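**Student:** can you look at this prediction? I've put the sequence above it.
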Amino acid sequence: MPISTRVSGTPDLENSQDDTTIHTRSTTPNTLAASPVSEVVPLLPQKHGDSRPGHSISAIKAEAWILLRYAIPIFGTQILEYSLMVASIISIGHISTEALAASTLGSMTASVSGLSIIHGFASALDSLLPQAWTSDRPQNVGLWTQRMTVLMALILIPVVGIWLNAEAILLKLRQESAIAHLAGMYLRWLSLSLPGQAISIIMRRFYQAQGLAHIPTAIMVVIAPVNALLCWLLIWGPKPFNAGFIGAPIASTISFNLMGVILLVYARWFIPNTALHPIDRQCFREIGNLFRLGLSGVGQIASEWWSWEFVALAASQLGPTPLAAQSVLLVSSSTVFQTPYSLGMATTVRVGNLLGSGHGQMAKLAAETAIGMSLVVAMILSTLFMIFRNNWGYLFNDEEKVVSLVASVLPVVALFQIVDGATAVSDGVLRARGMLGLGAIINVCSYYVVGLPAGVALAFWAHFGLKGLWAGLCIALFCAAGISMFVVYKTNWDMEVSRARERLVEEHEGDTLV
């Protein structure tokens, strides 16, 4: 599912017998000393003697609570950021149908050619930052963040080039000239938001690795209403401010860049500098290795993202009613996906922190607990879809044909939620282990070799229509979830701890040579 973060306290685990005691960083390298809990430090177990084969119910409950504390602020950030784009689309939708079509085409082009790639490369930090934070060199969190910023600046150059020439590209793809012109204008203005979007995506991971996921959430609480006000002012406001159609991308540009600046300023002056690293020539080292790791992240994330755009194009070939129903189903599924996605991000941070601090069996507990939580959440979401399926479409559309089609496909979407959540968490575990390449292979094979061909065959050859396309997505996710969960189940967690230590030693030795 396409992607479109506060540890405000800790449970009382001091008397637990399952090595889940809360600790903060000691001034002595590679140790964890008991002390009052701080929001600055992720929740870590006390002892290294956690190699027993099983975990008690109390340990599982404690781990679930910790993951929940990580996931809630991430969920808040995701929903609020999602609202930035929704506010623009809603505002434009009241201008004209042509304007709405152009903004939708522009957003789709932005997702395929830019945003999915940015998110994919930034996911490399999911493998690096959590482990660095709990090592004896926490300043490597800042160093890898700097390196990703350098890499992202290079990646944005071709993305900006594509967006500036989007109108010509869309015309060559035989889009209607008026729609292509407006979509090209939309992307030209939106390209100014790319620095802010890239910085925001990077800095969210910087904060999350340190257990400070509440900071991006708090900033988004401020930015979201500012963006809504800007949308009204620049699209529907009084004459000096009213820019009409282009007011939407201008509002997004201001909001994203403002968010990026605030995240940087807050990191520099308002939190402890434990994770900060001096800006020097080290930030230009390891760019090649970071690029290769990020490229695997693109394969894992963008391959799934692009498959949804493919399904949207396929739905458009079925006619206006299936296309309208697909829009309802996509928005609905994307919105509820923020819950398992947030849990997956929380799992990435938690497992990475534990591997970096040498607690392999606790990392196993976190991974397995998160998968169990994802299945529970998925069952709840699926049940809600089934209960309200006959009336769900009325939330978005008043046409009986659209509502009826939505109701007929929702049972497939409900089944889809179960495997979608499990895949999100399993992918999070793979990212924490640095296995983005394997995740990319799993996703590419599941979607493009199995799921999408099956969906097209069911939709057009077997005449199942939109239901067939969603069945294909279900098949893809069943494959991805099954393989990913099997890989997680077969993980040698003690070996993962050794691998994490080897990476950290190599980074340290490389840095001392500079």
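**Tutor:** Received the coordinates, thanks.

**Student:** which regions of this protein lie under the pLDDT threshold?
**Tutor:** Scanning the chain for pLDDT under 70 picks out 1-55, 93, 504-514.

**Student:** tell me which residues touch Gln208, please.
**Tutor:** 5, 70, 74, 129-130, 216, 345, 349 (Cβ atoms under 8 Å, 6 or more residues apart in numbering). For every residue, glycine as well, the C-beta is placed using N, CA and C.

**Student:** mind checking which of these are in helices?
**Tutor:** 70, 74, 129-130, 216, 345, 349 (DSSP state H).

**Student:** identify the farthest-apart pair in the contacts of Gln208.
**Tutor:** Farthest-apart pair in those is Pro130 and Pro216; separation 15.8 Å (Cβ to Cβ).

**Student:** how about the contacts made by the residue lying closest to Phe385 once chain neighbours are set aside?
**Tutor:** The shortest distance from Phe385 to any non-neighbouring residue, by Cβ to Cβ, 6 or more residues apart in numbering, is to Ala414 (4.2 Å). Ala414 makes contacts with 381-383, 385-386, 389, as judged by Cβ under 8 Å, 6+ apart.

**Student:** Val419 now?
**Tutor:** 378, 474, 477-478, 480-481.

**Student:** dump the residues you listed into TSV; add neighbour count and secondary structure as well.
**Tutor:** Formatted as TSV, the contacts of Val419 follow (neighbours: other Cβ atoms under 10 Å; DSSP: H, G, I helix; E, B strand; the rest coil):
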residue	neighbour count	secondary structure
Ala378	24	helix
Cys474	21	helix
Leu477	26	helix
Phe478	19	helix
Ala480	26	helix
Ala481	24	helix
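
**Student:** report the secondary structure state of Pro278.
**Tutor:** Assigned with DSSP: H, G, I helix; E, B strand; the rest coil, Pro278 falls in the coil class.

**Student:** of the contacts of Ala414, buried ones?
**Tutor:** Using 16 or more other Cβ atoms under 10 Å as the burial test, the contacts of Ala414 include 381-382, 385, 389 as buried.

**Student:** quick one: residues contacting Lys467.
**Tutor:** 408-409, 412, 458-459 are the contacts of Lys467 under Cβ under 8 Å, 6+ apart.

**Student:** any idea how far Pro249 lies from Ala407?
**Tutor:** Per Cβ to Cβ, to the nearest Å, Pro249 is found 35 Å from Ala407.

**Student:** look at these two and report which has more neighbours.
**Tutor:** Pro249 (26 against 17; other Cβ atoms under 10 Å).

**Student:** ok so, going back, quick one: which helix or strand includes the residue nearest to Phe385?
**Tutor:** helix 400-432 (DSSP states H and E).

**Student:** now the angle from the helix or strand following that helix to helix 400-432?
**Tutor:** Following helix 400-432 in sequence order, the next helix or strand is helix 436-444 (DSSP H and E). Helix 436-444 and helix 400-432 are oriented at 160 degrees to each other (axes from the mean of the first three to the mean of the last three Cα atoms, to 10 degrees).

**Student:** name the residues that touch helix 436-444?
**Tutor:** 123-124, 127, 293, 296-300, 303-304, 427, 430-431, 479-480, 483-484, 487.

**Student:** any buried residues in whichever strand or helix holds Ala251, and which?
**Tutor:** Remark: Ala251 resides in helix 247-269, with elements defined by DSSP H and E. The neighbour-count check on helix 247-269 (16+ other Cβ under 10 Å) flags 247-260, 262-264, 266-267 as buried.

**Student:** same check, this time on stretch 367-378
**Tutor:** Result for stretch 367-378 [16+ other Cβ under 10 Å]: buried residues 367-371, 373-375, 377-378.

**Student:** since that was my last question, I'll sign off now.
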